[in-house]
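A.B. asks: can't give you the sequence, but here's the structure:
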């Protein structure tokens, strides 16, 4: 599994290249991603590291999938593959959360599927929104999803969950064991 630690210089350089290729100013990108322009500047300069959620917001503003952003340029054509080896899957890691992307980004692959782990007592304080409907199932542990104005929902081992596209929410593992889920979005 290819793990992508957030090397601040690499992330910053890639973001700058993408932003410039699209002809956006830092302020325009920041406005689209709903983050401070000064933060975009610090990321591009390699002086700040975004969380996975913040990076996802910025990349959505650029029209790029997270897995595409970290994808190797020399990777084989995924549209011709039948089996996707775990050792080739892209993993993004933070201190208390890990995402593993089952499939690389490719126009012929219309599914984003992740395996996610949250360490015990993990809480994501950032409101997140997914650009597509998100479907998932809890493999172990307990997932708590809080949706402002709707309430708090708990999914335990074997339970499935569904979030409509652009639903603001936070996710957490308030239990004492590792939470493992699989989630999917149709492109």
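C.D. replies: Ah, there it is. Bear in mind that the values here come from a model prediction, so they are computed numbers and not experimental data.

A.B. asks: in stretch 137-155, what's buried?
C.D. replies: 137-138, 141-146, 155 (16 or more other C-beta atoms under 10 Å). The way it works is simple: take the backbone N, C-alpha and C, and place the C-beta from them, glycine included.

A.B. asks: nope, stretch 89-108 is what I meant
C.D. replies: By neighbour count on 16+ other C-beta under 10 Å, the buried set for stretch 89-108 is 89-92, 94, 97-106.

A.B. asks: How about stretch 28-37?
C.D. replies: Quick answer for stretch 28-37 (16+ other C-beta under 10 Å): 29-30, 33, 35.

A.B. asks: chain center to that stretch, what's the gap?
C.D. replies: 18 Å (C-alpha atoms, centre = their mean, to the nearest Å).

A.B. asks: And the average pLDDT for stretch 122-131 is what?
C.D. replies: What stretch 122-131 shows for mean pLDDT is 80.

A.B. asks: Can you name the residues in contact with it?
C.D. replies: 51, 53-54, 56, 60, 96-97, 148, 163, 165-174, 179, 185 (C-beta atoms under 8 Å, 6 or more residues apart in numbering).

A.B. asks: Mark which of those residues are buried, thanks.
C.D. replies: In terms of neighbour count (16+ other C-beta under 10 Å), the buried residues within those are 51, 53-54, 56, 60, 97, 163, 167, 169-173, 179, 185.

A.B. asks: So which of the residues you listed are in helices?
C.D. replies: In helices, judged by DSSP state H, the following of the buried ones among the contacts of stretch 122-131 are found: 53-54, 56, 60.

A.B. asks: Domain boundaries for the protein, per the record?
C.D. replies: 6-64, 93-186 (automatic domain parsing).

A.B. asks: for these, which one sits closest to residue 82?
C.D. replies: Proximity to residue 82 (C-beta to C-beta) singles out domain 93-186 among those, at 11.9 Å.

A.B. asks: now that closest one, how far from the chain's geometric center?
C.D. replies: With C-alpha atoms, centre = their mean as the basis, domain 93-186 stands 10 Å off its chain's centre.

A.B. asks: From start to finish, how long is it in a straight line?
C.D. replies: The first and final residues of domain 93-186 sit 23 Å from each other (C-alpha to C-alpha, to the nearest Å).

A.B. asks: For residue 69, grab the count of nearby residues.
C.D. replies: For residue 69, the number of neighbouring residues by other C-beta atoms under 10 Å comes to 20.
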